[in-house]
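> quick one, structure for this:
(4 chains)
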Protein chains: 2
Amino acid sequence: MKEIQNIGSELLRFDIKPSYQRIKIYDYLLKNNIHPTVDMIYKKLADGIPTLSKTTVYNTLKLFEEHGIIKSVNIEENEIRYDVQTHIHGHFKCEQCGAIYDFDYNYNDLKYSGLENFILNQTDVMIKGVCKTCASKN
Amino acid sequence: MKEIQNIGSELLRFDIKPSYQRIKIYDYLLKNNIHPTVDMIYKKLADGIPTLSKTTVYNTLKLFEEHGIIKSVNIEENEIRYDVQTHIHGHFKCEQCGAIYDFDYNYNDLKYSGLENFILNQTDVMIKGVCKTCASKN
DNA sequence: TTTCATAATTGTAATTATTATAAAATTAAA
DNA sequence: TTTAATTTTATAATAATTACAATTATGAAA
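Here you go, the predicted structure:
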């Protein structure tokens, strides 16, 4: 897990003003590296911040992504998930339990054809299947 | 482009009963290899089939995917796109014009770590950036 | 401290993609 | 032709996200 001593100064490092809500949301993402949805984040934090609005969660995640402190993961059909890991890695989605796992792959060995003169900004490798835990149950 | 002489018999090959609507939708997918959305398919075909319902398009695409004759592409945040190409390939999304391009990559050279004892069913490589056409305009 | 301007948060309503459901139409079989 | 099964259709419901305006909090200047 990514260890941040002072969440406020980490946000400032990315030019994000550290409000109470923003600190709480970033703190949650750091401590729960489970690629949560907006709804999961909102529901968990609403207990501790009774006035929290879901719009704030949306606004904050969008802001975080624009400033490059988190990434959105598009592996689901219907909803966006969020990820604080900053190194390049792939995502595995278990078709049985729905969990999303990180994995490493050999990014530099990946060679393409058909993208000559294209500008590549972001590469994502996504795999669907059955995770180890579910596979052992069957 | 995938060349199909007889669309009806191609559908039958995948155990899909070739109704009028199904033939029209599959024909559109074959002739318009642009990873269209449900809405794009519906709007184009509604001219020729005035009674066409969007639900039919949804039902048909779901059926097609279940029978393995098409694949859904999840590169967009908010909507699903559809693809008739059956060989393994990646998808490139242009952040400027929004177009989605196919590209080839060396699938067999892709090595993972962290997925030991996982069952892998489907791999997708997605890249975002700026396409050749848009890049030359800038 | 008070005032003022700016930024952040909130609640509500609107939008959009998708799914559920049941009726109507079509097809295939007896 | 009658009947049953399948397909299509229209409408309503769901769910994620965005738009928007009002409220609240923050920080600097007077």
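> what's in contact with stretch A:10-25?
Residues outside stretch A:10-25 that contact it (CB atoms under 8 Å, 6 or more residues apart in numbering or on different chains): A:4, A:7-9, A:26, A:41, A:45, A:48-49, A:52, A:56-57, A:60-61, A:63-64, A:67-69. Every C-beta, even on glycine, is put in place using the N, C-alpha and C of the backbone.
> packing partners for the longest strand seen in chain A?
In chain A, taking DSSP state E as the definition, the longest strand is strand A:119-130. Counting contacts by 3 or more CB pairs under 8 Å, 6 or more residues apart in numbering or on different chains; DSSP states H and E, strand A:119-130 is packed against strand A:90-94, strand B:119-130.
> tell me which of those strands sits most buried.
Of all these, strand A:90-94 has the most neighbours on average by mean count of other CB atoms under 10 Å in any protein chain shown, namely a mean of 21.
> and chain A, which residues reach DNA strand C?
Residues of chain A lying close to DNA strand C (CB under 7 Å from any atom of the strand) are A:17, A:19-22, A:49, A:51-56, A:59-60, A:77-78.
> in space, not sequence, find me the middle residue of chain A.
Residue closest to the mean C-alpha point of chain A, counted by CA atoms, centre = their mean, is residue A:83 at 1.3 Å.
> contacting residues for that one?
Residue A:83 makes contacts with A:33, A:35, A:70, A:71, A:72, A:73, A:91, A:102, as judged by CB under 8 Å, 6+ apart.
> filter those residues down to the buried ones.
A:35, A:70, A:71, A:73, A:91, A:102 (16 or more other CB atoms under 10 Å in any protein chain shown).
> gap between residue A:68 and residue A:14?
Relative to residue A:14, residue A:68 is positioned 6 Å away (CB to CB, to the nearest Å).
> picking that back up, buried ones from the residues of chain A next to DNA strand C, can you make that a PyMOL selection?
Burial among these is assessed by 16+ other CB under 10 Å; the matching PyMOL selection reads:
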select buried, chain A and resi 21+22+52+56+60
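> on that earlier part again, who does the longest strand of chain A pair up with?
According to DSSP bridges, strand A:119-130 forms sheet pairs with strand A:90-94 (parallel), strand B:119-130 (antiparallel).
> so which of these is nearest residue A:112?
Nearest to residue A:112, of all the strands paired with strand A:119-130, is strand B:119-130, at 7.7 Å by CB to CB.
> next secondary structure after the closest one?
Next in sequence after strand B:119-130, counting helices and strands by DSSP states H and E, comes helix B:132-137.
> burial count for the residue of chain A found nearest DNA strand D?
Taking CB to the nearest atom of the strand, DNA strand D has its nearest neighbour within chain A at residue A:80, 3.5 Å off. Neighbourhood size, residue A:80 [other CB atoms under 10 Å in any protein chain shown]: 17.
> and residue A:112, by the same measure?
Other residues close to residue A:112 by other CB under 10 Å number 18.
> and if you look at residue A:82?
Around residue A:82 there are 21 residues (other CB under 10 Å).
> now it: how far from residue A:62?
Residue A:82 is 10 Å from residue A:62, by CB to CB.
> find the residues that touch each one of the two.
Residues touching both residue A:82 and residue A:62 by CB under 8 Å, 6+ apart: none at all.
> circling back to that earlier point, JSON lines for the helices and strands packed on strand A:119-130, including mean pLDDT?
Supplementary listing: the helices and strands packed on strand A:119-130 in JSON lines, determined by pLDDT from 0 to 100:
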{"stretch": "strand A:90-94", "mean pLDDT": "93"}
{"stretch": "strand B:119-130", "mean pLDDT": "93"}
